[in-house]
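Colleague: Attaching a predicted model along with its sequence, questions to come.
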Amino acid sequence: MNLLALETATEHCSVALLRVTPAGERELVARRLHAPRQQTELILPMIDEVLAEAGLALTGLDALAYSRGPGAFTGVRIAAAVTQGLALGADLPVLPVSSLQALAQGAHRAHGASAVLASFDARMQEIYAGAYRLDDDGLMQPLAAEVAARPDALPEAFRAAWAAATAGLAGTVGAGSGWSSYAATLAAALPVSLMAAELPPDAEDVAALALPCLRAGQAIAPELALPVYLRDDVWKKLPGR
């Protein structure tokens, strides 16, 4: 099984090819760059490099996975558009994965996190936030619906879900740029044992989360590969609008 994953929701750009052998062994080929405003130029060459290293053509894949947002408006669109274009051309199904959930999975991989409060700085004094806890298969699963809100005005249901799931739990991590911008405010409402503000979402973790969905037959048609912004009016707030 061959699964190609893309992630461009922040200032980072990553591509990962996850190969699973018939014996269940996993092989990963990946490229990662910190590339503010350069994802459009870099993503296709990175895909070509990963496929070439793996000795595969696009038609040799079983599916494409992409980080569907939330995140930077342009970055989220890039991953969705590239995935849709490639999948239509190669007649491949696609798997959307939350950018925040991928960040939480990365916090588990990097820090052994048991639960993660993932957050991106959404600008305009707001954050995107998602709360996740590790399941028995080693995958981060959502505790509540993702939100876009002021860091000092997160929904009560969101804060309550985090408190209930993490009471007495070790290995809680606050990850992502929201913690860099609003650490004190977030820590007061959503206490964690470790902050990993510098951690970006990564295509490796997009692939890890997408794989069981692919096996379960949950892939979707390419034309349904859409971005998720959480803020429907974000385009109105862009410079020049």
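Modeller: Arrived safely. Numbering: from 1, shown residues only.
Colleague: Name the SS class of Leu117, please.
Modeller: What DSSP: H, G, I helix; E, B strand; the rest coil gives for Leu117 is strand.
Colleague: Is Pro96 in a helix, a strand, or coil?
Modeller: On the basis of three-state DSSP, Pro96 is classed as strand.
Colleague: Could you report the pLDDT at it?
Modeller: Note for Pro96: predicted pLDDT of 98.
Colleague: That one: what's its closest spatial neighbour, skipping adjacent residues?
Modeller: The shortest distance from Pro96 to any non-neighbouring residue, by Cβ to Cβ, 6 or more residues apart in numbering, is to Arg68 (3.8 Å). Bear in mind the C-beta positions are built from the backbone N, C-alpha and C, glycine included.
Colleague: Tell me who's in contact with that neighbour.
Modeller: By Cβ atoms under 8 Å, 6 or more residues apart in numbering, Arg68 lies in contact with 76, 79-80, 96-99, 225-228.
Colleague: now with 10 Å?
Modeller: By Cβ atoms under 10 Å, 6 or more residues apart in numbering, the contact list for Arg68 reads 9, 76, 79-80, 83, 94-99, 101-102, 206, 225-229.
Colleague: Likewise for Ala148?
Modeller: 70, 120, 122, 124, 126-129, 229-232, 234.
Colleague: how about 7 Å then?
Modeller: Going by Cβ atoms under 7 Å, 6 or more residues apart in numbering, Ala148 touches 70, 122, 126, 128, 230-231.
Colleague: Where helices are concerned, which of the contacts of Arg68 count?
Modeller: If you go by DSSP state H, the contacts of Arg68 have 76, 79-80, 83, 99, 101-102, 206 in helices.
Colleague: Let me know how buried Ala163 is, in neighbour terms.
Modeller: Applying other Cβ atoms under 10 Å, we find 13 residues neighbouring Ala163.
Colleague: For Ala197, see how far away it is.
Modeller: Here Ala163 is placed at a distance of 21 Å from Ala197 (Cβ to Cβ, to the nearest Å).
Colleague: Grab the nearest non-local neighbour of the residue positioned nearest the centre of the chain.
Modeller: Residue closest to the average C-alpha location in the chain (Cα atoms, centre = their mean): Ser99, at 2.3 Å. Spatial nearest neighbour of Ser99, excluding adjacent residues (Cβ to Cβ, 6+ apart): Ala9 at 3.9 Å.
Colleague: Next up, the contacts around that neighbour.
Modeller: Here Ala9 is in contact with 67, 69, 71-72, 75-76, 79, 99, 201 (Cβ under 7 Å, 6+ apart).
Colleague: do that again at 10 Å, thanks
Modeller: 39, 66-80, 98-100, 102-103, 120, 128, 200-201, 206, 227-228.
Colleague: a markdown table for the ones in helices among the contacts of Arg68, including distance to Leu186?
Modeller: Below are the ones in helices among the contacts of Arg68 laid out as a markdown table (distance: Cβ to Cβ, whole Å):
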| residue | distance to Leu186 |
| --- | --- |
| Val76 | 22 |
| Ala79 | 26 |
| Ala80 | 28 |
| Thr83 | 31 |
| Ser99 | 18 |
| Gln101 | 18 |
| Ala102 | 19 |
| Val206 | 24 |
